[in-house]
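*Asks:* Give me a model of this one.
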Amino acid sequence: MTKLKQDDMKAITTELASPWGCVGLVCDGYRVTVAVVRTGTLRFGLTVYINGRQTGKQLVEDCEERRRFLRPCEQYLYSPAERKNLVKIGGKRFAKQMGAEKRFTFHSHNWLSVRTMLRHFTANNASVELVEIGASAVRASLPRDEAVTDA
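*Replies:* Below you'll find the predicted structure:
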């Protein structure tokens, strides 16, 4: 059971603070690559690749990868303006019957903060190790298909 050391956390934070930074980790046997990518106009964010891939299955189905590495996000069913309008139209009891306070949870490959991501990784994995920092982490995380030879 190995956890990240303070020096490793500082190195990861420094690398992921710059645009296009990349870090390779091994968490309980999973190869995890965290990269800084563009998420919008003049905006960067962190994205997680598990064993070199991002799959829709991880977002939709409840699986180990989703629980260990993806960011849980909670959102109201109705916007604040719609909730206020429901209370205005029919009162608090009506708004409660309509489910104005209901929320749903979805998961995302994107993280907003290095610190929260590392805290989530260490809380949900017994072993978290820093393998590589920089461009070499990208090459190491790519899936490699074995060459097929005819005998």
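*Asks:* CA only for contacts and neighbour counts going forward, please
*Replies:* Noted.
*Asks:* biggest strand in this protein by residues?
*Replies:* If each strand of the chain is counted by residues according to DSSP state E, the longest one is strand 30-40.
*Asks:* May I see the buried residues of it?
*Replies:* Taking 16 or more other CA atoms under 10 Å as the basis for neighbour counts, the residues of strand 30-40 that come out buried are 31-37.
*Asks:* which strands and helices sit next to the following helix or strand past that strand?
*Replies:* Later in the chain than strand 30-40, the nearest helix or strand by DSSP states H and E is strand 43-50. Taking 3 or more CA pairs under 8 Å, 6 or more residues apart in numbering; DSSP states H and E as contact, the helices and strands that strand 43-50 lies on are strand 30-40, helix 64-69, strand 110-111.
*Asks:* nearest residue to residue 108 other than its sequence neighbours?
*Replies:* Closest residue in space to residue 108, ignoring its immediate chain neighbours: residue 71 at 5.2 Å, by CA to CA, 6 or more residues apart in numbering.
*Asks:* meant to ask about residue 59, not that
*Replies:* Once flanking residues are discounted, residue 59 sits nearest to residue 107: 5.8 Å by CA to CA, 6+ apart.
*Asks:* and the one you found, what element?
*Replies:* Secondary structure assigned from DSSP H and E places residue 107 in strand 103-108.
*Asks:* tell me the angle that strand makes with strand 43-50.
*Replies:* Between the direction of strand 103-108 and that of strand 43-50, the angle (axes from the mean of the first three to the mean of the last three CA atoms, to 10 degrees) works out to 80 degrees.
*Asks:* from the buried residues of strand 30-40, which is closest to residue 132?
*Replies:* Within these, distances to residue 132 taken as CA to CA reach their minimum at residue 33, with 9.3 Å.
*Asks:* For that closest one, list each beta-bridge partner.
*Replies:* With beta bridges defined as DSSP bridges, residue 33 has these partners: residue 24, residue 49.
*Asks:* could we number from 43 for the rest of this?
*Replies:* Yes, from this point I'll number from 43; that puts the last item at residue 75.
*Asks:* my guess is it meets residue 64, correct?
*Replies:* Yes: shown here, residue 75 and residue 64 form a contact pair, counting by CA atoms under 8 Å, at 7.1 Å.
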